[in-house]
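*Asks:* Compute the structure for the input listed below.
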Amino acid sequence: MRQSAILLLPLLLLACKKDSKEPDTKQAAVHVKIGYHPKFSKGCITVEAHGGTGEPERAEFKEPKFNSNDPVLNVAVFRKADWARDVEITVRVFENGCAEAQLVDERKRTFSFASAGRQEWLLEDLHTADEDGDGFVPPGGPMNRGTDCDDSSVEAYPGAPELCNGLDDNCDGRMETGVVNKTWYLDNDRDSFGRNGPGTVACDPPSELHVEVTGDCDDERADVHPTAEEKCNSVDDNCDSRVDELFTEGPSALGTACTEACNGTYACNAAQTGTVCVGTPPTPLYADADSDGEGEKDGAPVGGLCPGAPLPPMMADNTRDCDDADPNTKTQATEVCDGLDNDCDGQVDEEMSCGVLKKVEDSVLAGGNWRTVAVHPSGYPVWVAGLDGKLAVKMNETSVFVNHGGDTTTRCGPAQNSPDWHAAWINPNNNHLIVVGEDGWIGEHNGGSCFANQVTLPGSSDYFSSVVGIGNPAQVFAVSTLGHLYEWTGAAQRHDSPGRYWGLHALGQDALFAVGATGESSPLTPMVNLYTRPLPRAPWGTPAAHNLQGTAGYNGGLRAVWAADATLIYAVGDGGLVVKGSGQSRDWERVLSPSEPAINYVSVAAPPGTMNAYVIGNEGTAGRLQRLTPHGWAKAPAFTPSAPNAPLRDIAVTSTSNFWIVGDDGNVYHFPEPSASAQP
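*Replies:* Alright, predicted model coming up:
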C-alpha cells in the first residue's frame, strides 16, 4: 500500500479566520491551534514535525504574522511519504527572535497516522506573556524561562539602555551601572532642599542626606528653605536674599520709632508674625484725682511715664490711695477724728478713742419727727426741731437734751398751737436759736424762754423752709415755699420771686443764695437765685437766676444750698440732683451722683475751712450720708451699726470731727458718739 505524502502547510496559520481550508477528511492530518498573548508581537513561534525517518519539517512564525485582535495560530500538519506511521510535533516559543538561546517554552506530542482522518491539538498555555509588548517575557512556564525583569515597563528588557531612574532597565540585576546624569546636593537639615553649591554628580544619591533640589541658604535649619514662610526674625527664611522683607514697610515697619515704649522702635514680636514696640518700659501711671501724689487703690493704669519725664498733673506712679477724691486721705496723712481712714491703713480713727457715728439715745428725742438741727460754731449748744412743735436742746457735751416742745412752758409759739418747725439757725453772737416753720411762725429761743412771732404768708399751705443770719448784730433771713425771701430789719420785708424756695445760705454779708424750683407744681425746673446788695444794710436787689448746665428736661427741685466759700457753692435736690458753682459766675455745672436717681437729697453742709460737702438724702425710706469734694465723691463716715431705715432730714457740721444728723422716728445721729465698747 502506497503511503500518502506528508506535508507541513505553514500557510494554514490563520488568525481566527472562519473560512480557513480544512484538511481533506480522507487524509491523515493534525490541526494545531496555538494561542498566544495579544502583545506577543516581537517573539517567535516554531512548529516542527518529524516522522522518525526522513527530514523533519519546520515552520517559523514571527512578528508580521501575529494578530493582537485574534491571537491564535492555526497550523495543519500532513504526513510525508517517507515518514513512519507516528509523527512527533514540537511547538517552541522564543522571545525577541527565533534563536535557540531565546527559547522560553517547548511542547511535544506524538500523533498516530495509521488511518486517515483529522486530529486536533489545542495549545492555550504556552508561555508567551508580554504585558509591555517589548518582545521579552518574564520568567515562567514549564521551563521557567524568560529574561524580562519588569514586564510592566517597555523600557526594561535585556540589552535596554540603563537609565538613572532607580530601576534595573537592562535586566542585569544591577541599577544604573555606569550611568551618570544627576547632580546631588547635601540636605543636612532634611527639609527636602539641598545646600547651595556645585553638588555631587552621580546617578544614585551619595547618601540618604542627598537630594536633587538645591537652593537652601541655611542647611542647618529645617525651617529655612526656598518655600518657607518669611517670618520676622532677622533671618532670610525663604532664601530670596532678603531678610524680613514683609515687615519693612508701613506705619509699624521694623526700626521705625514708636510711642508705646520709652525711646521705642518697632522690632519683631515673640510670635515672629509682626512687629511690636520695644524700648524702656514706662512706669505705669494711675489717675490721681485729688492730686495728693497717690493713685486710687486697685486702680487700672491710665498711662505711662518715661525716665526723666515730668509727672503729668493729676497722675501718680502708685496705687496707695484708699480715697482718691479726698486729698487729706493718703498713706502719708495723719489720722484725725473724722470717721474716716485718713492714713489708708484699713483702720478708722485708730488710737483716737473719739467715738463713731451712731444714734443718740435720749428719751426727749424718742419718737420725734425731727426736721432740722442747728449747732453753735463752738460745738454747743445743739438744737433740734421738728413737727408738732418739737424742740429740744443739748447745752454741752455732758448734758442731756432738754425738752422745749409745745407741751412745755418754754415752748415757742402760742399755748394752743404747736407749729411744725422746718429750719433753725443759731446766732453765734448770743447763742440764741432762730427757728422757723409752719404758717409763718418764727421764734427766738435763749435756752430759757422763747419770743415768737407770726408773719402773714400769702399761701394757705406756705411755710418757712430755711433760715440764716448774717452780721453782728445779726440780720435774719428766711425763705418760704412760695418763693419769697423775708428779712427782719426792724420790720419784716418781703422779696418775691416765682416758684418755690426750699433752701437758703449766705455768702459773706451781701450775698444770699436761695434754691428751689420755678413754678409751683410738677413738672418742676430746678432754680438757683442770687440776692445781692451794693452796700451793707442797703436794700436787696432783684434776684438773679443762675444757669444750671446739664439739667435740661429734669423734673424736680433743689432742696438745700451751702456756700463753702466764694469759689465753691453746692446745691442738692430731688432725683440725685447735685450742682455746684461759685459767686463769680452765673454758670453752674451738674455733678453726677453715684446713686442717682435713687437718692433724693434733702440737706448739705460743709465743715468750715474745707471744700467738702456732707450730703444727706433718702433712698426710699432709708437715710443715706455721702461726701462730695472738689475732686469727686469721697468716702463718708459710716453709720454704726448701719444706716437708719428711716428718712433723714437735715445735717449740721461744725468740723469734720463734729456733726449732727436728724430724721424721722426719733432718729438723731451724732459724730462722734462713744462706741458701745467705749461706754462705761
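*Asks:* residue nearest the centroid of the protein?
*Replies:* Ala300 (16.0 Å; C-alpha atoms, centre = their mean).
*Asks:* can you tell me which residues contact it?
*Replies:* Tyr286 (C-beta atoms under 8 Å, 6 or more residues apart in numbering). Bear in mind the C-beta positions are built from the backbone N, C-alpha and C, glycine included.
*Asks:* Over to it. Which of the three states is it?
*Replies:* coil (DSSP: H, G, I helix; E, B strand; the rest coil).
*Asks:* Local confidence estimate at it?
*Replies:* Note for Ala300: predicted pLDDT of 94.
*Asks:* same check, this time on Ala678
*Replies:* 51.
*Asks:* returning to that earlier point: quick one: the residue nearest to the centre of the chain and Ala287, what's the gap?
*Replies:* Separation of Ala300 from Ala287 (C-beta to C-beta, to the nearest Å): 9 Å.
*Asks:* do Thr46 as well
*Replies:* Distance of Thr46 to Ala287, given as C-beta to C-beta: 110 Å.
*Asks:* and what of Ala385?
*Replies:* From Ala385 to Ala287 the distance is 43 Å (C-beta to C-beta).
*Asks:* Quickly run through the sheet partners of whichever strand or helix holds Val662, with directions.
*Replies:* Using DSSP states H and E, Val662 sits within strand 658-663. Sheet pairing for strand 658-663, assigned by DSSP bridges, gives strand 648-655 (antiparallel), strand 668-673 (antiparallel).
*Asks:* what's the closest of those to Ser582?
*Replies:* Closest to Ser582 of the strands paired with strand 658-663 is strand 648-655 (C-beta to C-beta; 20.4 Å).
*Asks:* So which of Ala385 and Ala287 has more stuff around it?
*Replies:* Legend: neighbour count by other C-beta atoms under 10 Å for Ala385 and Ala287, higher for Ala385 (32 against 18).
*Asks:* doesn't Val468 make contact with His505?
*Replies:* Yes: using C-beta atoms under 8 Å, His505 is in contact with Val468, at 5.8 Å.
*Asks:* Give the residues shared as contacts by these two.
*Replies:* Here His505 and Val468 have Leu512 as joint contacts, going by C-beta under 8 Å, 6+ apart.
*Asks:* Verify the stated contact: Leu340 with Ala325.
*Replies:* No: counting by C-beta under 8 Å, Leu340 does not reach Ala325; the two are 11.5 Å apart.
*Asks:* So for those two, which sits in the more crowded spot?
*Replies:* Taking other C-beta under 10 Å, Leu340 and Ala325 do not tie; Leu340 has more neighbours (24 against 19).
*Asks:* Helix or strand: which one has that one?
*Replies:* Going by DSSP H and E, Leu340 is not part of any helix or strand.
*Asks:* For it, give me its contacts.
*Replies:* Contacts were defined as C-beta under 8 Å, 6+ apart; by that measure Leu340 touches 323, 326, 329, 348-349, 635, 637, 656.
*Asks:* Pick the one among the residues you listed closest to Asn269.
*Replies:* So of the contacts of Leu340, ranked by how close each gets to Asn269 (C-beta to C-beta), first place is Asp323, at 40.1 Å.
*Asks:* mind checking which helix or strand Val87 is in?
*Replies:* For Val87, the enclosing helix or strand under DSSP H and E is strand 86-94.
*Asks:* in the stretch 551-680 of the chain, which spans are strands?
*Replies:* Assigned strands in the stretch 551-680 of the chain, in chain order: 558-565, 568-573, 578-582, 585-590, 600-605, 613-619, 622-629, 632-634, 639-640, 648-655, 658-663, 668-673 (criterion: DSSP state E, counting those that start in this stretch).
*Asks:* returning to what we had before: and for Leu340 and Ala325, which residues touch both?
*Replies:* Shared contacts of Leu340 and Ala325, defined by C-beta under 8 Å, 6+ apart, comprise Lys635.
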